[in-house]
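Novice: Coordinates for the following, if possible.
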Amino acid sequence: MPAQLNHLIVHSSDRFASARFVTELLGAPEPTSFGPFAEVKLSNDVTVDYADDHLPEGLKIVPQHLAFLVSEDEFDEIFARIKDRELPYWGDPFHTEPQQINHRNKGRGVYVDDPDGHAIEFLTHPYIKDE
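Specialist: Below you'll find the predicted structure:
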């Protein structure tokens, strides 16, 4: 039986600021406190747990990439929030397509950076793998 992803820990400089950044864009409920984490609950029972006190002294946050699969309607709502907040956004993860969305993989996608530089991707269709 394959394993299921249960949670992901993401380091941040301010756990609730980072968690709220994502929940506000998603239109999701306020993050909850769970031990030392600010927990973002997703619809598939996976949580993204933001931590701000587990970095060894002097260690910097290494940016990660988090991709959220959303419906077409949710994408429209998220993209409207990105534009309302006047956030920079890109059509690609390398920031070479500023202020654009992409139409790859039979869907749409957009990338924003969270306060710590983590790349947050919202996409409407999973990636198509070569067969």
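Novice: Please count neighbours and contacts with C-alpha atoms only from this point.
Specialist: Noted.
Novice: Which of the three states applies to Arg81?
Specialist: The three-state assignment at Arg81 reads helix, by DSSP: H, G, I helix; E, B strand; the rest coil.
Novice: One more: Ala17?
Specialist: helix.
Novice: Distance check, the residue lying closest to Gln64 once chain neighbours are set aside against Tyr50.
Specialist: Leaving aside its sequence neighbours, Gln64 sits nearest to His118 (C-alpha to C-alpha, 6 or more residues apart in numbering; 4.9 Å). As judged by C-alpha to C-alpha, to the nearest Å, His118 and Tyr50 stand 12 Å apart.
Novice: Pick out whichever of the two has more residues nearby.
Specialist: Per other C-alpha atoms under 10 Å, whichever of His118 and Tyr50 has more neighbours is Tyr50, with 26 against 19.
Novice: quick one: the more buried one is in a helix?
Specialist: No. Read with three-state DSSP, Tyr50 is strand and lies in no helix.
Novice: can you pull the contacts of it?
Specialist: Going by C-alpha atoms under 8 Å, 6 or more residues apart in numbering, Tyr50 touches Ile9, Val10, His11, Ser12, Arg15, Phe16, Ser18, Ala19, Phe37, Ala38, Glu39.
Novice: Is the second one bridged to anything, and to what?
Specialist: If I follow you right, that is Val10. Tyr50 (DSSP bridges).
Novice: Tabulate the contacts of Tyr50 in a markdown table, adding columns for neighbour count.
Specialist: Shown next, in a markdown table, are these (neighbours: other C-alpha atoms under 10 Å):
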| residue | neighbour count |
| --- | --- |
| Ile9 | 13 |
| Val10 | 22 |
| His11 | 23 |
| Ser12 | 26 |
| Arg15 | 22 |
| Phe16 | 22 |
| Ser18 | 24 |
| Ala19 | 25 |
| Phe37 | 22 |
| Ala38 | 26 |
| Glu39 | 26 |
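Novice: From what I see, the residue nearest to Gln64 and Pro93 are in contact.
Specialist: No. His118 lies out of contact with Pro93 (C-alpha atoms under 8 Å); the separation is 10.6 Å.
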